[in-house]
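In: This is a predicted model, with the sequence first.
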Amino acid sequence: MLTFIKNESKSNGELQQARVISLFSLVGMSVTFVMGVISLFNSNNVLTITLFVSSIIYCLAYIVLKKYNKLNLSSFIIIYSLYILMFYLVFTGGVEQTGPLWIFIVAPVSVYVLGLSYGLVNLLFFLSIIAIIMFSPIEMPQYATYSTEFKVRLILSFLTTTFLSALYEYSRMLSYNSALKLGKKYQQLALSDPLTTLANRRNALTILQQEKSRISRNNEPLSVLLCDLDHFKMVNDKYGHNCGDMVLTELSQVFKQSVRQQDCVARWGGEEFLFILPQTSAEQASVIAEKIRTNVHHHKVHFLKHEISLTISIGISQLTDDQNIDELINNADRNLYQAKKNGRNQVYPQQTTSIDL
């Protein structure tokens with residue numbers, strides 16, 4: 001079966017994440033630059049250099065995302081540069097011992113950018129390093145000292161923020177996955193026939209246009225079969241529409257089992273079916289059509305206590321250079337009409353020579 005939809009763009013989730021990463025890069029770059037300027041006027045040279053370097057790193061992450069479209073690399077740069085900056089602020093105390101207050105932005109950013117599971121693992125690593133820095137008994141130059149009460153409350157507050165961030169991210173993931181499944185369901189309904197689950201008419205036309213564009217580049221043949229169930233109205237009148245639906249459903253399975261993997265079977269309308277046969281000449285299509293016709297002829301539909309035999313008529317058409325899709329279908333429809341006129345239960349035009357597929 002042909003692939004009905006080829007997704008050539010990023011998923012909505014990736015696009016949304018890219019926008020958030022881009023925004024965070026710009027905000028991080030701006031905030032650290034402004035704080036670096038303020039620190040420069042306060043003559044804190046080490047902090048100034050650290051903040052300016054951080055601003056440059058965020059700018060680099062933005063360029064990596066926008067110019068080179070490297071979402072994972074940009075995310076890696078943002079997250080781990082943020083961790084390093086937080087380690088520095090906790091270690092030195094920042095300005096007036098307020099550096100540790102910035103660590104609360106780490107939790108929501110981590111679980112969103114890295115995902116829930118990987119984000120929580122990284123937050124565990126981050127919190128472990130923070131605890132080591134704050135509770136280390138070793139005194140070093142520029143090492144900030146905090147009261148035990150402050151350190152305990154800071155870590156508990158960070159754990160609370162982590163829990164709330166994880167809970168929000170989990171809820172967001174559930175909502176996103178639910179919307180994604182619902183979108184796929186509606187997309188499938190829009191492209192398939194609800195009774196037979198085959199491609200519907202609109203989907204078949206899209207596939208034909210794609211195949212026409214492809215064969216115009218590769219100079220390959222394309223054929224279609226237009227199939228109609230013989231005397232289907234009599235089945236509905238005699239056995240009812242439930243039986244008619246069963247017939248269409250069972251024959252759809254016969255059709256799918258009778259064609260190749262690259263072929264597409266679509267319900268064209270009512271009891272008409274369209275077969276799209278890429279890389280197939282009219283002669284080869286005739287062999288496939290005869291196989292389909294024979295399989296249907298030998299198939300018996302059992303409804304209640306009745307055994308129903310069915311036949312089909314098939315018209316063949318091969319796309320030529322000067323044809324459009326409508327002309328291709330119209331030609332198949334004329335050949336289908338001729339097959340019915342000739343007595344039904346046959347393929348038109350018929351192929352007299354054997355073709356190996």
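Out: Alright, I've got the coordinates.

In: residue boundaries of the strands in the stretch 201-350 of the chain?
Out: Counting by DSSP state E, counting those that start in this stretch, the stretch 201-350 of the chain has strands at residues 222-229, 264-269, 272-278, 300-303, 306-309, 312-318, 347-348.

In: Mean neighbour count and distance to residue 236 added to those, as JSON lines?
Out: Where C-beta positions appear, they are placed from N, C-alpha and C, glycine not excepted. JSON lines is the format used below for the strands of the stretch 201-350 of the chain (neighbours: other C-beta atoms under 10 Å; distance: least, C-beta to C-beta, whole Å):
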{"stretch": "strand 222-229", "mean neighbour count": "25", "distance to residue 236": "10"}
{"stretch": "strand 264-269", "mean neighbour count": "23", "distance to residue 236": "15"}
{"stretch": "strand 272-278", "mean neighbour count": "23", "distance to residue 236": "15"}
{"stretch": "strand 300-303", "mean neighbour count": "14", "distance to residue 236": "12"}
{"stretch": "strand 306-309", "mean neighbour count": "11", "distance to residue 236": "11"}
{"stretch": "strand 312-318", "mean neighbour count": "25", "distance to residue 236": "16"}
{"stretch": "strand 347-348", "mean neighbour count": "24", "distance to residue 236": "25"}
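
In: Any idea which of the ones you listed gets closest to residue 182?
Out: strand 264-269 (24.0 Å; C-beta to C-beta).

In: Quick one: list the elements packing against that closest one.
Out: helix 201-218, helix 241-258, strand 272-278 (3 or more C-beta pairs under 8 Å, 6 or more residues apart in numbering; DSSP states H and E).

In: again, only using 6 Å
Out: Applying 3 or more C-beta pairs under 6 Å, 6 or more residues apart in numbering; DSSP states H and E, one finds that strand 264-269 contacts helix 201-218, strand 272-278.

In: ok, the residue of the chain most remote from its centre to residue 95 distance?
Out: Distance from the C-alpha centroid of the chain peaks at residue 139, with 53.4 Å (C-alpha atoms, centre = their mean). Between residue 139 and residue 95 the computed distance is 21 Å (C-beta to C-beta, to the nearest Å).

In: Identify all contacting residues around stretch 276-288.
Out: With contact meaning C-beta atoms under 6 Å, 6 or more residues apart in numbering, stretch 276-288 is reached by 207, 211, 220-224, 262-264, 316, 318, 351, 355, 357.

In: now do 8 Å
Out: Under the criterion C-beta atoms under 8 Å, 6 or more residues apart in numbering, residues 2, 204, 207-208, 211, 214-215, 220-225, 258-260, 262-266, 275, 316-318, 347, 349-351, 353-355, 357 lie in contact with stretch 276-288.

In: try stretch 66-81
Out: 14, 17-18, 21-22, 24-25, 28, 54, 57-58, 60-62, 64-65, 109-110, 113-114, 122.

In: Just the buried ones out of these, please.
Out: 17-18, 21-22, 24-25, 28, 54, 57-58, 60-62, 64-65, 109-110, 113-114, 122 (16 or more other C-beta atoms under 10 Å).

In: Helices - which of these land there?
Out: 17-18, 21-22, 24-25, 28, 54, 57-58, 60-62, 64-65, 109-110, 113-114, 122 (DSSP state H).

In: quick one, what contacts residue 158?
Out: 103-104, 106-107, 127, 130.

In: got the angle between whichever strand or helix holds it and strand 264-269?
Out: Assigned by DSSP states H and E, residue 158 belongs to helix 148-191. Per axes from the mean of the first three to the mean of the last three C-alpha atoms, to 10 degrees, the angle that helix 148-191 makes with strand 264-269 is 60 degrees.

In: quick one on the thing from earlier: next one: phi and psi at the residue farthest from the centre of the chain?
Out: Dihedral pair for residue 139: phi -100, psi 130, per degrees, to the nearest 10.

In: No further questions, thank you.
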